[in-house]
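Student: Next comes the sequence, and after it the predicted model I'd like to discuss.
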Amino acid sequence: MQHRNITFIGAGNMAGAIIAGLVEGGYPADLITVCAPSATHRDALAERYGVHSRSDNAACAAEAEVVVLAVKPQLMADVCRALRSEVDFSGKLVLSIAAGVTVERFCALLGDRLNIVRIMPNTPSLVGKGMSGLYAPDYVTADDRDFTAALMTSVGKICWVDDEHGINQVIAAAGSAPAYFFLFMEAMQQEMERQGFPAEKARLLVQQAASGAAALVEASPGVSLGTLRERVTSKGGTTAEALKVMNEQKLPEIVASAMQAAIARAQDMEKQF
Ligand SMILES: NC(=O)C1=CN([C@@H]2O[C@H](COP(=O)(O)OP(=O)(O)OC[C@H]3O[C@@H](n4cnc5c(N)ncnc54)[C@H](O)[C@@H]3O)[C@@H](O)[C@H]2O)C=CC1
Ligand SMILES: O=C(O)[C@@H]1CCC=N1
């Protein structure tokens, strides 16, 4: 892939996960700068991955070919206004990983026909297992789209969406989703502990069952998730009893409502931020 000079504005969980995945995947650390007002996280990233750590957003953005906006959505407007007063964004590629901040909003903040790709990544990017949704307005060049796609492919898999609302749907299915699985796994671990298992053993059981199930899904592209579920579920057996409880207590409906709530929140944020 092409290597460009990248500045991350924000040194939090998601920026850290992408930086880790990029550097572990062979992207030159020397071409990556991470910028945030507080030194704690950015210096930790610099020490661990060899990237540059700086505090001046505008100076770093001005020197970069690619600016990744990785601050919280509620801070985005202030951060962008401060950048715009000092940085000319024409000729740069801007990548936003923020939920709930639209291309239209970024154009109002940073300049018309901003060269921007919205990315909705997730934290498994840290271990090269990310899932990112990508959206770009029509005028973004094939070269910039290809660069962004290659960048995020180096930390996981990608999926382009044709309209911007697709980014909110990707949040529901992938951006927020690691937390759903963690909640499910936490609940399982807690129950095993309640049953008398030590925390470490309880976690091992749950963790291996989850990663084994995910690996099996990946290794069986032609097999539906329903069929994989049926293969575990012996008639009159233990799994059937467990699934009966989950269905009676409406787990599928709960999951659907939760995903709809994530999308609705992203739409609210679009109005708010
Ligand atoms: N955490 C996740 O799983 C995902 C997060 N995102 C998006 O990523 C963005 C960042 O989220 P997290 O990393 O979770 O948040 P975080 O709170 O861990 O990180 C935010 C970072 O912004 C930095 N920051 C604060 N003010 C700043 C300023 N004026 N200039 C530069 N940096 C500043 C903070 O120091 C912190 O390092 C959000 O917009 C979120 O929507 C997207 C997908 C997944
Ligand atoms: O919770 C959030 O708003 C962000 C976006 C997806 C994951 N974390």
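Tutor: Good, I have the coordinates. Ligands and ions are numbered 1, 2, ... in the order given.
Student: Now do the helices in the stretch 101-250 of the chain.
Tutor: Per DSSP state H, counting those that start in this stretch, the stretch 101-250 of the chain has helices spanning 103-110, 142-153, 165-170, 177-194, 199-219, 225-232, 238-248. These are given in chain order.
Student: How far does the fifth one sit from its chain's centre?
Tutor: Between the mean C-alpha location of helix 199-219 and the chain-wide mean there is a distance of 21 Å, by Cα atoms, centre = their mean, to the nearest Å.
Student: Give the burial count for Gln169, as a bare number.
Tutor: Other residues near Gln169 number 18, with proximity taken as other Cβ atoms under 10 Å. C-betas here are computed from N, CA, C, even on glycine.
Student: Figure out which of the helices of the stretch 101-250 of the chain is closest to Glu24.
Tutor: Distances from Glu24 to each of the helices of the stretch 101-250 of the chain were compared using Cβ to Cβ; the minimum, 13.8 Å, belongs to helix 142-153.
Student: Smallest gap between the chain and ligand 1, at which residue?
Tutor: Gly12 (1.7 Å; Cβ to the nearest ligand atom).
Student: before we move on, back to that, out of the helices of the stretch 101-250 of the chain, indicate the one that is most buried.
Tutor: Across the helices of the stretch 101-250 of the chain, the average number of neighbours (mean count of other Cβ atoms under 10 Å) peaks for helix 165-170, which reaches a mean of 21.
Student: domain ranges for this structure?
Tutor: The chain breaks down by automatic domain parsing into domains covering 6-167, 177-270.
Student: would you turn those into JSON lines with mean pLDDT?
Tutor: Rendered in JSON lines, the data for these read as follows (pLDDT from 0 to 100):
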{"stretch": "domain 6-167", "mean pLDDT": "97"}
{"stretch": "domain 177-270", "mean pLDDT": "98"}
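Student: Adding distance to ligand 2, write these out as a markdown table.
Tutor: Shown next, in a markdown table, are these (distance: least, Cβ to the nearest ligand atom, whole Å):
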| stretch | distance to ligand 2 |
| --- | --- |
| domain 6-167 | 4 |
| domain 177-270 | 7 |
